[in-house]
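Student: model the structure of this input:
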Amino acid sequence: MNTVLQNIISRRSCKKYRSDPVDPALIEQIIEAGLYAASSNGKQAAIILAVTDKETRDLLSRLNAKYDAKKRPDPFYNAPAVLVVLAPKASGAKVYDGSLVMGNLMLAAHALGVDSCWIHRARETFEDEEGKALLKHLGIEEEYEGIGNCILGYADYELPSAAPRRQNRVFHID
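Tutor: Numbers count the residues shown, from 1 in each chain. Just a heads-up that it's a prediction; the model follows:
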């Protein structure tokens, strides 16, 4: 089977990480894949915050946890790195563009042997005053909406195989 298709089929979300750091060179390759995601009108408007600093990573986790209905103490599951995808609030395609970036990030991570998971509540995190302050501190002045948090690291358990796909989800018109 084609390597790309095999990666799509075999990638799983990881929800428990070892604390081992991810090689910065791998993170850069993952980011590059995200930057090559398709985008509305080719605008490439989505941005990525690459967070490996533990203090900032923990701040983002704490902010995310404020909006977590399950009240997990660390909604990032101990992952040592987070790639936050944001897109301009004014863009009508922000969710689509940011979602394509997130998909590329997770597939690239898997292809490079790095585990990942999409963690929601990025929108709430960056609507929070502390989240807005972080963006301002980074010099990001434009109004951005959080689309997703792509956590990265190495699984602290064996990831399961894919569940069988549900039937009757494809309708052919020939």
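Student: may I have stretch 114-125 as PDB, with CA atoms only?
Tutor: Provided in PDB are the C-alpha atoms of stretch 114-125 (Å, rounded to 0.1, in the frame of the first residue of the first chain):
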ATOM      1  CA  VAL A 114       5.800  11.200  16.800                       C
ATOM      2  CA  ASP A 115       2.500  10.700  18.400                       C
ATOM      3  CA  SER A 116      -0.200  13.400  18.400                       C
ATOM      4  CA  CYS A 117      -3.700  14.300  19.300                       C
ATOM      5  CA  TRP A 118      -6.100  17.200  18.400                       C
ATOM      6  CA  ILE A 119      -7.200  18.900  21.600                       C
ATOM      7  CA  HIS A 120     -10.100  21.200  21.300                       C
ATOM      8  CA  ARG A 121     -10.900  24.400  23.200                       C
ATOM      9  CA  ALA A 122      -8.200  26.500  21.400                       C
ATOM     10  CA  ARG A 123     -10.900  29.000  20.600                       C
ATOM     11  CA  GLU A 124     -11.900  29.400  24.300                       C
ATOM     12  CA  THR A 125      -8.200  29.500  25.300                       C
END
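Student: can you give me the buried ones in it?
Tutor: Across stretch 114-125, burial judged by 16 or more other CB atoms under 10 Å covers 114-119, 121-123, 125. Every residue, glycine included, has its C-beta placed from N, CA and C.
Student: what about the strands in this protein?
Tutor: 47-51, 81-88, 115-119, 144-153 (DSSP state E).
Student: any idea which of the ones you listed is most buried?
Tutor: Comparing those on average neighbours per residue, with mean count of other CB atoms under 10 Å, the densest one is strand 144-153 at a mean of 26.
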